[in-house]
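turn this into a structure:
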Amino acid sequence: IFPSPFIHIGFDETWETERLKTTNPSIKPKKLYLEQITFVTRTLQDYGKKVMVWTDISNNYPDIISEFPKNMIPVLWEYSDEPGSIDKWLNPVKKEKLPFFVQSAVDSWGNVYPAADYTFDNIDICLTTCRSEKAIGYITSVWTDAVQPLLRNTWLFMAYGSAGAWQSGPIDRKNFVDGYCRIMYPGISELMSDAFKKMSESEDLLAKCFGRHTLSEMWEDPFSSYHLKNTTLHIDDLKNARITAEAAQEKLSEALSRGTKDNAFIRTMLVNCRQLDYTATRFIWAKTIVDRWNWIYDSKLKAEKDHV
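Below you'll find the model as predicted:
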């Protein structure tokens, strides 16, 4: 089914490996991990596949890479925007002088719209490591951990990473969106570029209110005491998040009216704009309702006191 010579077997997110000992003290997690990864690798290598694996386990056992099966290709994944964050995965692999891939990700799994600057920074960090450490390959990825995330809104960022992997230095991100839109959306490129930028701005404003991962906050109770207080503190940011989301909707609606063939993509982005708009709106209106109720209640109390 898959003619590629590579196959990725995963084996990531191993931070709970040591918990095996709490249920059965006779289990030796490191030994069990190595037995399983060796079995899977050799089985696939018998079919002529080049096996790739994530290296999270080195955080538990720094020297375990030396015990990996022969000819396995480590993949270093790092989704942070902090320079040097990838070193904890890089150093154990460099110690064994193994060829490796580096993997970045579009920061979208916890966001209403992908965090643009964060994603661009992460990709640049990973690609810088690829160049400086002579990685043999690069992977760009997206994730749907939160179930709800859309995927079409990540294509721009995946293109940034994919194109960057072929460059000798970082891409000029300031001009990348415009150039991407000229290639992908001829005739409506300015409208699409403006829409992407406005959506990014709206997400940034929501992040100022809720923190980096806005998607989980989207469904929180806007009438809770915490969120009412938070909304009061960030009311201008929430209003501006709505304004920018609606500005993006205007651009996308105009692009849609031009009769472009790829209207399914534009419609998806319109849905995403409405999600941004809706997220800000529900918190704004919760505060508005409470404020109006309190005003009526306070007015009634004042009237009663004046009457007495």
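
pull the number of nearby residues for residue 132.
For residue 132, the neighbour count with other Cβ atoms under 10 Å is 9. C-beta coordinates here come from the backbone N, C-alpha and C atoms, glycine included.

all numbers from here: first residue = 595
I'll keep to 595 as the first residue from here, and by that count the last item is residue 726.

any idea how far residue 680 is from it?
11 Å (Cβ to Cβ, to the nearest Å).

buried stuff in the lowest-mean-pLDDT helix or strand in the chain?
Every helix and strand in the chain was compared by mean pLDDT, DSSP states H and E; the lowest is helix 614-617, with a mean of 82. Of the residues in helix 614-617, none count as buried by neighbour count, 16 or more other Cβ atoms under 10 Å.

check which element follows that helix along the chain.
On the C-terminal side of helix 614-617, the nearest following helix or strand under DSSP states H and E is helix 623-639.

so which elements touch that following helix?
helix 614-617, strand 644-648 (3 or more Cβ pairs under 8 Å, 6 or more residues apart in numbering; DSSP states H and E).

what's the least confident helix or strand of the chain packed up against?
Partner elements for helix 614-617 (3+ Cβ pairs under 8 Å, 6+ apart): helix 623-639.

burial count for the residue lying closest to residue 755 once chain neighbours are set aside?
Using Cβ to Cβ, 6 or more residues apart in numbering and skipping the chain neighbours, the partner closest in space to residue 755 is residue 734 (3.6 Å). Counted with other Cβ under 10 Å, the neighbours of residue 734 add up to 22.

give me every residue that touches residue 734.
Residues near residue 734 by Cβ atoms under 8 Å, 6 or more residues apart in numbering: 697, 698, 699, 700, 717, 751, 752, 755, 756, 759.

can we see that at 7 Å?
Shown in contact with residue 734 (Cβ atoms under 7 Å, 6 or more residues apart in numbering): 698, 752, 755, 756.

as TSV, these with neighbour count, distance to residue 743 and secondary structure would be great.
As requested, those are exported to TSV (neighbours: other Cβ atoms under 10 Å; distance: Cβ to Cβ, whole Å; DSSP: H, G, I helix; E, B strand; the rest coil):
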residue	neighbour count	distance to residue 743	secondary structure
698	31	17	strand
752	19	13	helix
755	24	17	helix
756	13	19	helix
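
make JSON lines out of those and add distance to residue 800 and pLDDT.
Output for those, formatted as JSON lines (distance: Cβ to Cβ, whole Å; pLDDT from 0 to 100):
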{"residue": "698", "distance to residue 800": "23", "pLDDT": "97"}
{"residue": "752", "distance to residue 800": "22", "pLDDT": "97"}
{"residue": "755", "distance to residue 800": "24", "pLDDT": "97"}
{"residue": "756", "distance to residue 800": "27", "pLDDT": "96"}
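
returning to what we had before: tabulate the helices and strands packed on helix 623-639 (TSV), appending distance to residue 730.
Converted to TSV, those look like this (distance: least, Cβ to Cβ, whole Å):
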stretch	distance to residue 730
helix 614-617	33
strand 644-648	11
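
the ones you listed: which one's closest to residue 690?
strand 644-648 (13.4 Å; Cβ to Cβ).

next, the buried residues of the very next helix or strand once past that closest one.
Following strand 644-648 in sequence order, the next helix or strand is strand 667-671 (DSSP H and E). For strand 667-671, a neighbour-count test (16+ other Cβ under 10 Å) marks 667, 668, 669, 670, 671 as buried.

ok, now stretch 805-816?
Buried residues in stretch 805-816 (16+ other Cβ under 10 Å): 807, 808, 809, 811, 812, 816.
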